[in-house]
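>>> Fold the following, please.
(chains A, B and C)
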Amino acid sequence: MSQFRLEIRIKPRQGLLNPEGKAIHSALRSLGWGHVEDVRVGKTIYMELEADSADGAVESAESMCRKLLANPVTEDFEVAVVGELESAGA
Amino acid sequence: MRAAVVTFPGSNCDYDLYKAIELVGGDPHFVWHRERGLGGYDAVLLPGGFSYGDYLRAGAIARMSPIMEDVVAFANAGGPILGICNGFQILCEAGLLPGALVRNASLRFESRDVLLRVERADTVFTTDYDQGQILRVPIAHGEGNYEADRETLEVLDGEDRVVFRYVDADGEATEDANPNGSWHNIAGIVSASGNVLGMMPHPERAMEAVLGSTDGVGVFTSLASTFVTAGAR
Amino acid sequence: MTGPDGTVMDPQVLPRDGDPDITPEVVTDHGLSPEEHERIVRLMGREPTFTELGIFSAMWSEHCGYKNSKRLLRLLPTQAPWVIQGPGENAGVIDVGEGYALAFKIESHNHPSAVEPYQGAATGVGGILRDIFTMGARPIAVLDSLRFGDLDSGRVRYLFSGVVSGIGDYGNCVGIPNIGGEVAFDRGYEGNPIVNAMCLGLMKREELITASASGVGNTLMAVGARTGRDGIHGATFASEELSEDSDEASRPQVQVGDPFTEKLLLEASLELIASGAITGIQDMGAAGITSSAAEMAGRAGNGVELEMASVPTREDGMTPYEILLSESQERMLVVAEKGKEAEVRRILEKWELEAAEIGRVTDDGRFRILEDGVVVADIPALPLTDGCPTYEREGVESEEIAKLRAADLSEHLIPEGDLAKSFLLLLGSPNVASKRWIYHQYDTTVRTATAVRPGGDAGVVRIRGTTRAVAATTDCNGRFVYLEPRVGAMIAVAEAARNLVCVGALPTAITNNLNFGNPLKPHIYYQLREAVLGLAAACEAFETPVTGGNVSLYNETDGRAIYPTPVIGMVGVVDDVAHLTSQAFAQEGDDIVLLGSNTAEIGGSEYLYVTARAVAGPPPSVDLDAERALQQAVLAMGRQGLLRSAHDCSEGGLACALAEAALGNGEDPRGVSVTLDDDIRPVAVLFGEAQGRIVISCDPSRTAEVLRVASRHDVPAATIGKVTAAREGFTIAVRGASVSATVDEMAEAYFGALPEIMDSTSESA
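Modelled structure (predicted):
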């Protein structure tokens, strides 16, 4: 068993309105950054968990996303392993 | 008292604030966020609401508005500025007050009456209250949890910069009396220079008995009386 | 070339490349019957194109065309001297005195909320706000009427909390106070939540604007958010089966609300209307551009021509069909007065809103759509809006329900254990318990006009500069309507009126949201017809005309329909805010007087549901004349300053009504000492939900006068006890039994119920 560090990106679904992104886009343009084409806002969840393997960690996290962390109607998700720590006694 | 009520896209307590100032005999004017210049105003007030939808961070986009340069200059020149709710958030984002307002500990919007203890009756916003007086005022916010780093909090305490605190009916600042998890039940603070006040509760909603409480009147009469005695402008 | 109705027709409307052919399946997919399709062909003089079929499917849908309900809705009384605008516009409008007019309406967003509760509820609020401000009225309050299954289900808790957050976040951000509403939990709503949102708006009479697109040559402008694929095919989806694994094409394009844009739209719209630079403004709601443009044209007898390439879109490659049927939120259709387009732009620019000229008003009576100059749809405007067929279906009562109504309830009159146990169980049941878990998430005081906040019998908003106020409430006990639709509907109206008079408001008019199952099923159509008849009877009796509303049908899962739930949104006028009456007992020593009579009826009661999980028996009887007399008596008492408090009896019966009045908002409760003399079984007299009852409290020196006023109105009245100090507890003595509880026990049950359920257990989609 190892401890894995994961970054879970919860992303707004393409095609749906993203009001926050829209407001930020507008603000950036009015502040002079006119070359910004599109802005959408999601969130990142930083998680540490124990698993037998990196694949196992990802599978576990994806399952959490489907059940709780992401809303399947309005969000997509992406899980990435960004680090591995040896457990004590491994 | 000639007062500027600065309005941003999404401000929605501007009208209430305007009416509150009128009620105490003041002369309020709406100033749109894209206008420039606050000369001729005795006081500047930033109303509550959801400027820019509270998107990104509450007050973050509003604080970049053109008028904010004038608001900062007004503050630096010693003019009184009152920020209520979203107004308080904007003042923190603009650096005119320390700390930040983050999401309520309950993770929910909290809308109800709270009891506040007046900690400082000597600011230009509170002279019409007594030290320790308890006020009944409505709150309505999702991000009213006052947070700052250790250093800042020590300074606020040490320099008596907390002006209003959430308390219970016995006047005690208990956890139950704290509606949003604010550090040390802080509901409102004043700047080191004493002329900038930010508070989460809505005194402008406690001006008439028919609406539930008149305990908010003191904030506006205190401010207005500063300018009556100084002579009409 | 001339069409069958004599108007000029473009013969060159050819099907677009890539558009599907019109087959019987495509027709059915669009919710149109073969007969309706034929009707369209006759009307057009040819087969419609795919785009045209889409337009008809939207305009002739239940939502826009009221196919199965229009004939019934004609039975409702809609007129009175104080009605300025009846059904047919975006909202109804009544005169409330002192030169002011009140626009108000209720609408549903049931199906989207079942799929995505937060956004479904949020966009429901957005839609009803737009219906109000397009009339020229500034929204001053919202109310919500919600139904869910039992809260022991994780999915239900998820829906409930999502809906409440959605309503709260949207309304709070736009800055409109929520002044009341109702929520009920019953397995009858499992899988089909009901989310109805009501809005009130205030204006001076002369500020009223109607949506007609008058003025040939005037420019049509799309204002606000860009058009995306929101809502296209959205409502046909079931909810739970969705997952990341579902392919992209099958996940619904839910409508996402943007309350910030809505706030800007609200301010800009009111400014536009006040400027005189526009002749019409319409919300782009369901079926967006199509319904708004068509309805505007239809009303004025003109036509419209729209260029799809000019509509600002959020997604690439949108077809005319998609643009026309999109339900993207926060968009308005504005008719600018010819020559005043620059003024319109100036106002929109100030509010940082996008605006695009997308077409013009014509005089040829056609609804014409172009794509890059090519005509892709050309339909006669009036038949499109007014030619929707209306049906009268077969209505037959369900035998199963008739049997339920005839059930023998005598075994349920035997209390389980001691009465105090049942009492606390009832007080703590979600249908009775305090709803402040909900309304503490709603801003109730913004705009400094809320004179009575949620938690009382009705919400009240004062009219600044006058002594007047308007009051509103939403009511409907779906169980009663299920058991006997006509009676249940009358009760809904009666309860709403009682709630209004309890705060001191004169019941004045109603808006209604009819939430029912599939009307093609005879037993559902029976419910619809009977309910409408009951509504009509009660509205006539109380002189509260119907000024508009909404119909939401097909609320079913797996063939099982919701309880028929005709939600009544009633508004009333308060002459003088000095006469507002509170719900809570005030002074120790005050007398408690019961107006109305207790009965042995426990059919359809919360008591039955909580103790036996049963919805059975006949609903309580309701006497419309007696209700009216009761309303007038209480109003008279209020005006004469006789009342310290007034509260009506509903779920949980008399015992719960007394408990609610004793607890108030929890800060300063009272005790109660009451003796009931009725020769009625204890369970029935304490927890039965007999109609026509209001509990008042008064200073003992005024009791005689109270009884006199009651007697003058032929209202039964009896002093039943006294308000005591909290430490003396709560006691009701009946024949042969009594119920006692401490105020602390009651407070814990009543205020603790929803937080206990919602804050400690998990919610899962």
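>>> Low-confidence ranges, the chain, go.
Let's take chain A. Applying pLDDT under 70 to chain A flags residues A:86-90.
>>> that's the wrong chain, I wanted chain B
B:228-233.
>>> In it, what residue comes closest to chain C?
As assessed by Cβ to the nearest Cβ, chain C sits closest to residue B:12 within chain B, at 2.6 Å. Every residue, glycine included, has its C-beta placed from N, CA and C.
>>> quick one, what contacts that residue?
Residues in contact with residue B:12 (Cβ atoms under 8 Å, 6 or more residues apart in numbering or on different chains) are B:47-50, C:173-175, C:263, C:446-447.
>>> can you list the residues of chain A near chain C?
A:13, A:15-19, A:22-23, A:26, A:62, A:65-68, A:70-74, A:76-77 (Cβ under 8 Å from any Cβ of the partner chain).
>>> Going toward the C-terminus from the helix or strand bottoming out on mean pLDDT in chain C, what's the next helix or strand?
Least confident helix or strand of chain C, by mean pLDDT, DSSP states H and E, is helix C:288-300 with a mean of 78. Using DSSP states H and E, the helix or strand that follows helix C:288-300 in sequence is strand C:303-307.
>>> Filter the residues of chain A next to chain C down to just the buried residues.
Buried residues within these, defined by neighbour count using 16 or more other Cβ atoms under 10 Å in any protein chain shown: A:13, A:16-19, A:22-23, A:26, A:62, A:65, A:70-74, A:76-77.
>>> Enumerate every residue touching residue 20.
You didn't pick a chain, so chain A it is. Residue A:20 makes contact with A:41, B:53, B:55-56, according to Cβ under 8 Å, 6+ apart.
>>> my bad, chain C
Residues near residue C:20 by Cβ under 8 Å, 6+ apart: C:26, C:50.
>>> Would you list the phi and psi of it?
When read as degrees, to the nearest 10, the backbone of residue C:20 gives phi -60, psi 150.
>>> who in the stretch 351-500 of chain C is up against chain A?
So the stretch 351-500 of chain C meets chain A at residue C:352 (Cβ under 8 Å from any Cβ).
>>> what about the residue of the stretch 351-500 of chain C found nearest chain A, distance to residue C:230?
Closest approach of the stretch 351-500 of chain C to chain A (Cβ to the nearest Cβ) occurs at residue C:352, with a separation of 6.8 Å. From residue C:352 over to residue C:230 the distance is 21 Å, taken as Cβ to Cβ, to the nearest Å.
>>> again, but for residue B:22
With Cβ to Cβ as the criterion, residue B:22 and residue C:230 are 42 Å apart.
>>> Compare those two (neighbour count), which wins?
Under the neighbour definition other Cβ atoms under 10 Å in any protein chain shown, residue B:22 and residue C:230 were set side by side, and residue C:230 has more, 27 against 14.
>>> tell me the secondary structure for that one?
Per DSSP: H, G, I helix; E, B strand; the rest coil, the local secondary structure of residue C:230 is coil.
>>> burial count for residue 7?
Because you didn't say which chain, this covers chain A. Residues lying near residue A:7 (other Cβ under 10 Å) number 15.
>>> You answered for a different chain; I wanted chain B.
Residues near residue B:7, counting by other Cβ under 10 Å, number 25.
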